[in-house]
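# need a 3D model of the sequence below.
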Amino acid sequence: MRRRGGATALAGSPVLVGAVTVLVTVIAVFLAYNANRGLPFVPTYDVKVRLPDAANLVRGNDVRIGGTRVGVISAIRARRDRAGRPFAELTLKLDKVVEPLPADSTVLVRPRSTLGLKFLEIRPGSSRRPLRAGAILSLAAARPRPVELDELFNMFDRRTRAGQQRGLQGFGTGFAGRGADLNTAIARFPALLDDLRAVMANLAAPETRLDRFFPALERAAAEVAPVAEQQAALFVNLDTTFTALARVARPYLQETISRSVPSLEAATREFPKQRPFLRDSAALFADLRPGIAALSRSAATIADALAAGTRTLPRTPPLNERAADVFDTLAEFAADPLVERGLGQFTRLARALRPAIAFLAPVQTTCNYVTLWFRNVSDHLSEGNRTGTWQRFIVVSPPLGPNSEAGPSSGPANGGGAPTLYLHTNLYPNTASPGQPRECEAGNEPWLPGRTVIGNVPGNQGTRTEGQR
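Residues are numbered from 1 along each chain as shown. Below is the predicted model:
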């Protein structure tokens with residue numbers, strides 16, 4: 001009776017009923033107002049995110065992973081780094097089901113609609129290191145940089161729109177009347193794509209290092225930036241050139257382009273066959289390189305020879321006519337069997353003389369002794385006085401003393417009290433011949449006072465002789 005009476009008293013009290021109704025309404029409004037910020041008394045996973053720009057985000061905007069809402073932005077604050085640059089710091093209230101996020105997760109501000117609504121997208125990473133509650137994702141995690149809709153529309157300024165119009169007009173004019181060519185091109189695209197597959201695989205290979213191409217291209221652009229005006233003048237001049245070429249575009253350039261395809265196909269077939277010729281040509285030019293280098297030094301002499309030849313060669317036909325009998329006689333002589341036997345003998349003689357000539361050749365080619373001998377003999381037999389030449393009357397006598405070379409002795413001259421009474425003789429001086437040191441010793445031996453020297457003198461005397469190095 002007492003319980004039923006209490007309930008009846010409560011239901012019968014308008015004040016209590018109104019108070020309960022107002023309390024329920026206030027609670028419902030409070031919950032509805034804070035629904036976007038998270039329900040009270042519900043545990044959350046709180047983290048902070050730093051962005052270069054909040055990009056029109058506001059408190060209460062969604063936080064999503066893979067398109068699913070996992071939390072809200074509870075606070076947005078402006079901060080500055082150590083260098084004084086501003087950035088936005090967002091406090092996120094996330095559902096516990098996503099805890100913990102990987103530490104290498106990234107964030108991106110994305111549009112929710114064309115009316116300007118935004119949400120924050122989290123892309124979980126693959127790191128095994130967790131992002132604990134209260135941790136901060138640094139600015140490095142905010143990538144890539146979001147592109148706003150107004151920035152996209154701002155690209156289409158007046159100059160861009162005018163350029164697009166001119167481009168469309170140019171493409172329209174270029175494609176007009178070329179339907180058959182376009183159909184042919186489309187039909188050949190599959191073969192092109194088959195060939196392009198190998199090219200793309202090569203570009204994608206790590207050995208190609210395509211990732212270094214664009215930074216290098218950027219550096220190249222930075223290097224040519226100081227000559228931008230000259231490049232602009234180049235394009236102006238190219239415009240003048242192409243304007244002039246437009247006058248001969250048809251039929252001359254058109255025929256050139258049309259015939260280039262068969263030419264390239266023929267080149268594709270024939271160039272591999274020309275590789276041996278090109279390889280031999282490269283070897284030939286490599287062999288000719290020393291001669292061409294020497295030609296620059298002897299060009300004047302060759303020019304004089306050609307100038308003399310232009311005067312002399314017109315007079316040679318009579319000589320050639322007279323030389324015909326000589327060559328006929330030589331032909332009869334060559335047909336004689338005895339001549340062949342004689343040539344065989346000469347061949348054997350040359351083979352026998354070859355070692356001696358090879359040994360004696362440096363005497364002249366390196367030391368110039370033969371020329372010096374004839375010159376000295378000529379001077380010896382021609383110069384003198386009224387008594388006669390030096391060869392006829394000058395007597396050179398060695399000094400007298402023990403073991404002197406002036407008469408019989410018991411041994412080589414070895415001083416005997418006279419500082420010049422020492423024998424110096426070298427019967428086989430070095431002449432840079434094979435097996436000898438490269439030196440011209442004859443006539444260059446130094447006088448060694450107080451010593452008897454028989455044979456080669458010590459040291460290398462070099463290859464310098466009189467009038468020649």
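# residue contacts, the closest residue in space to Lys48 that isn't next to it in sequence?
Leaving aside its sequence neighbours, Lys48 sits nearest to Ile136 (Cβ to Cβ, 6 or more residues apart in numbering; 4.4 Å). (Each C-beta comes from the backbone N, C-alpha and C, glycine too.) Listed by Cβ atoms under 8 Å, 6 or more residues apart in numbering, the contact set of Ile136 reads 47-50, 89.
# of these, buried ones?
Buried by 16 or more other Cβ atoms under 10 Å: 47, 49-50, 89, out of the contacts of Ile136.
# which single one of those residues is nearest to Ile122?
Val49 (8.3 Å; Cβ to Cβ).
# quick check, the closest one in contact with Lys93.
No: with contacts counted by Cβ atoms under 8 Å, Val49 stays clear of Lys93, the gap being 11.9 Å.
# downstream of the helix or strand that contains Glu255, the next helix or strand is which one?
For Glu255, the element it lies in under DSSP states H and E is helix 254-312. Using DSSP H and E, the helix or strand that follows helix 254-312 towards the C-terminus is helix 316-335.
# narrow the buried ones among the contacts of Ile136 to those in strands?
Applying DSSP state E to those, the entries found in strands are 47, 49-50, 89.
# now the helices for the stretch 1-150 of the chain?
Under the criterion DSSP state H, counting those that start in this stretch, helices of the stretch 1-150 of the chain are mapped to 2-11, 14-33, 149-154.
# check those for me: which has the lowest mean pLDDT.
Of all the helices of the stretch 1-150 of the chain, mean pLDDT reaches its minimum on helix 2-11 (a mean of 52).
# list the contacts of stretch 357-368.
Stretch 357-368 is contacted by residues 369-371, 431-434, 438, 440, 442, 463, 465, 467-468 when judged by Cβ under 8 Å, 6+ apart.
# buried sites along it?
By neighbour count on 16+ other Cβ under 10 Å, the buried set for stretch 357-368 is 362-363, 366-368.
# just the CA coordinates of that stretch, formatted as CSV?
Extracted in CSV, the C-alpha atoms of stretch 357-368 (Å, rounded to 0.1, in the frame of the first residue of the first chain):
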residue,chain,number,x,y,z
ILE,A,357,122.7,-5.1,-91.7
ALA,A,358,120.4,-5.2,-88.6
PHE,A,359,123.5,-4.9,-86.4
LEU,A,360,125.1,-2.1,-88.4
ALA,A,361,121.9,-0.1,-89.1
PRO,A,362,122.0,1.8,-85.8
VAL,A,363,125.5,2.9,-86.7
GLN,A,364,123.9,5.3,-89.2
THR,A,365,120.3,5.7,-88.1
THR,A,366,121.1,6.4,-84.4
CYS,A,367,124.8,7.6,-84.4
ASN,A,368,125.2,9.0,-87.9
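# from Asp325, how far out is Glu332?
To Asp325, Glu332 is 11 Å away according to Cβ to Cβ, to the nearest Å.
# check Pro226 too.
Between Pro226 and Asp325 the distance is 78 Å, computed by Cβ to Cβ.
# same thing with Ala221?
Applying Cβ to Cβ to Ala221 and Asp325 gives a distance of 79 Å.
# any idea how many residues pack against Ala233?
Neighbourhood size, Ala233 [other Cβ atoms under 10 Å]: 11.
# the one 4 residues further on now?
By other Cβ under 10 Å, the residues close to Asn237 number 10.
# SS state for it?
Secondary structure state of Asn237, per DSSP: H, G, I helix; E, B strand; the rest coil, is helix.
# quick check: longest strand of this structure.
In the chain, assigned by DSSP E, the strand with the most residues is strand 68-80.
# that one pairs with which strands, parallel or anti?
If you go by DSSP bridges, strand 68-80 pairs up with strand 62-65 (antiparallel), strand 86-94 (antiparallel).
# as CSV, those with distance to Val24 and mean pLDDT would be great.
Formatted as CSV, those follow (distance: least, Cβ to Cβ, whole Å; pLDDT from 0 to 100):
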stretch, distance to Val24, mean pLDDT
strand 62-65, 28, 88
strand 86-94, 26, 88
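# for these, which one sits closest to Ala187?
With Cβ to Cβ as the measure, strand 62-65 is the member of the strands paired with strand 68-80 nearest Ala187 (46.5 Å).
# residues making contact with the closest one?
When contacts are defined by Cβ under 8 Å, 6+ apart, strand 62-65 is touched by residues 69-73, 92, 94, 98, 112, 119-124.
# wait, which of these is closest to Val377?
Using Cβ to Cβ, Arg123 comes nearest to Val377 of the contacts of strand 62-65, at 103.2 Å.
# how near is the closest one to Leu421?
Noted for Arg123: a distance of 109 Å to Leu421, by Cβ to Cβ.
# likewise for Ile136?
From Ile136 across to Leu421, the span is 108 Å (Cβ to Cβ).
# lowest confidence element among the helices and strands of this protein?
The weakest-scoring helix or strand in the chain, judged by mean pLDDT, DSSP states H and E, is helix 2-11 (a mean of 52).
# closest one to Asp239 among the strands paired with strand 68-80?
Closest approach to Asp239 among the strands paired with strand 68-80 (Cβ to Cβ): strand 86-94, 46.3 Å.
# now that closest one: buried residues?
Under the neighbour-count criterion of 16+ other Cβ under 10 Å, strand 86-94 has 87-94 buried.
# stretch 342-354 now?
Buried residues in stretch 342-354, counted by 16+ other Cβ under 10 Å: none are found.
# so how far is that stretch from its chain's centroid?
How far stretch 342-354 lies from its chain's middle: 57 Å, per Cα atoms, centre = their mean, to the nearest Å.
# using CSV, write out every CA atom in it.
Written as CSV, here are the backbone C-alpha positions of stretch 342-354 (Å, rounded to 0.1, in the frame of the first residue of the first chain):
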residue,chain,number,x,y,z
GLY,A,342,119.8,-14.7,-110.1
LEU,A,343,117.0,-13.3,-108.0
GLY,A,344,117.0,-16.4,-105.9
GLN,A,345,120.7,-15.9,-105.3
PHE,A,346,120.1,-12.3,-104.4
THR,A,347,117.3,-13.4,-102.0
ARG,A,348,119.7,-15.8,-100.3
LEU,A,349,122.4,-13.1,-100.2
ALA,A,350,119.9,-10.6,-98.6
ARG,A,351,118.9,-13.3,-96.1
ALA,A,352,122.5,-13.8,-95.2
LEU,A,353,123.2,-10.1,-94.9
ARG,A,354,120.1,-9.3,-92.9
